[in-house]
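1. sequence first, then the predicted structure:
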Amino acid sequence: VCSSDLIEFLAEIIRTSPLSVVVSDPDWAITYVNPAAETLYGYEAGELIGETPDILNSDPGSTVLQRRVLSAVGRGEVWRGEIIGRKKNGDRLDLHSSIYGLKDHAGETFAYVGFQEDIGDRIKSETALRRSERRYRELADLLPQVVCEADQNGDLSFVNMNGLETFGYRHEDLSTGLSVFQMLVPEDVEGIKERFHRVLGGETLGGSEHTALRRDGSTFPIMIYASPIVHGGTPVGVRAIVVDITERKKAEAELQKM
C-alpha cells in the first residue's frame, strides 16, 4: 500500500467514525471536525474551524480542566475523563472524552486530537438504577423482618435497619466484613452452607428453621426464606428474608402445655 493510499484509508476511518473527532492546532484553534462531531454538537464544520474547543464546553475557559489535559498531554499520555459539553442550541451533553497530542520528529506538539462519546443514555440509566436501589433500600428499612443480601462467599453486602438492630450490629460492620455464617450458631452453619450453595445454583428455598446468633452471644429462633440474586442470567449472590419466630415458639410451647 502506497503512502497516499494509506493516508486516504486512515482519513476515511476518521470520517466514518461513530465517535466525535475534534482536531486543534498547538494554539487550540480547531482545524478539523468529522461528521460525527457535527451531528453530536449540531454545528456545521465551517462554524467550528478557527474556534477553540471552549465553544463546545458547558464551562468555557475552565482552567482546571485545561491544566489537567495539558499536564497529561505534556507527559505524552492520553487524558481521559467525563466532561459536560454544549450543543449549538445550548443543550447539555454528557461526554466521555479522550485527548492526546500529536508530535513531530522534533518532539514538538503540532496538533491535539479529541475523541468524544455521548454517554447521556448511560448516565440516565445509572441515575435511574441508583434511584431504584435507594427506593428498594428505603422500603426494606421499613419492613419488620430482617432483609439481607450476600455475595457468593456469604459476605453481607446489605442488611436493613431492623436486621442490624436485631443482630446487634452497625452499618460500619458491613464495611469491615460480616458473613451470614457468623449470624448462626456453629451447629447450624454446615446446613446453611448447603442451602446457600443450592440457592446459588438457582433454587428458591422456602422457610427453614435455624438458631440465630446475636453479636452479644445470645440466640433466638428464626425462619429463613432465600432466593438467588441474578445478573445477566447468572446467580451472583443470595437475597434472604429472616423472620424472628420467638413469639411463635412461645405460643407453640404454651399450646403443648395446655
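-> It's in. Nothing here was measured: the structure is a model prediction, and the numbers come from that model. Numbers count the residues shown, from 1 in each chain.

2. any idea how far stretch 186-200 is from the middle of the chain?
-> Counting by Cα atoms, centre = their mean, to the nearest Å, stretch 186-200 is centred 30 Å from the centre of its parent chain.

3. pLDDT of that stretch, averaged?
-> Mean pLDDT, stretch 186-200: 92.

4. next one: stretch 107-114
-> Here stretch 107-114 scores 90 as its mean pLDDT.

5. pull the CA atoms of that stretch into CSV?
-> Taking C-alpha atoms only, stretch 107-114 is exported to CSV below (Å, rounded to 0.1, in the frame of the first residue of the first chain):
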residue,chain,number,x,y,z
GLY,A,107,9.1,16.2,19.6
GLU,A,108,7.0,19.3,19.3
THR,A,109,3.2,19.0,19.6
PHE,A,110,1.7,20.1,16.3
ALA,A,111,-1.9,19.0,17.0
TYR,A,112,-4.3,18.0,19.7
VAL,A,113,-6.9,15.3,18.9
GLY,A,114,-10.0,14.7,21.0
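
6. can you list the buried residues in it?
-> Of the residues in stretch 107-114, Thr109, Tyr112, Val113, Gly114 count as buried by neighbour count, 16 or more other Cβ atoms under 10 Å. Using the backbone N, CA and C atoms, a C-beta is placed for each residue, glycine as well.

7. neighbouring contacts of it?
-> Outside stretch 107-114, the residues that touch it by Cβ atoms under 8 Å, 6 or more residues apart in numbering are 20-26, 28, 31, 53, 73, 97-104.

8. mind checking which of these land in strands?
-> In strands, defined here by DSSP state E, the members of those are 20-24, 31, 97-103.

9. mind putting those residues in CSV, neighbour count, pLDDT and distance to Ala251 included?
-> CSV is the format used below for the ones in strands among the contacts of stretch 107-114 (neighbours: other Cβ atoms under 10 Å; pLDDT from 0 to 100; distance: Cβ to Cβ, whole Å):
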residue, neighbour count, pLDDT, distance to Ala251
Ser20, 24, 96, 69
Val21, 18, 96, 73
Val22, 23, 95, 73
Val23, 16, 94, 78
Ser24, 20, 93, 78
Thr31, 13, 96, 82
Ser97, 21, 94, 65
Ser98, 14, 94, 66
Ile99, 24, 93, 70
Tyr100, 19, 91, 72
Gly101, 22, 90, 76
Leu102, 13, 90, 79
Lys103, 13, 88, 81
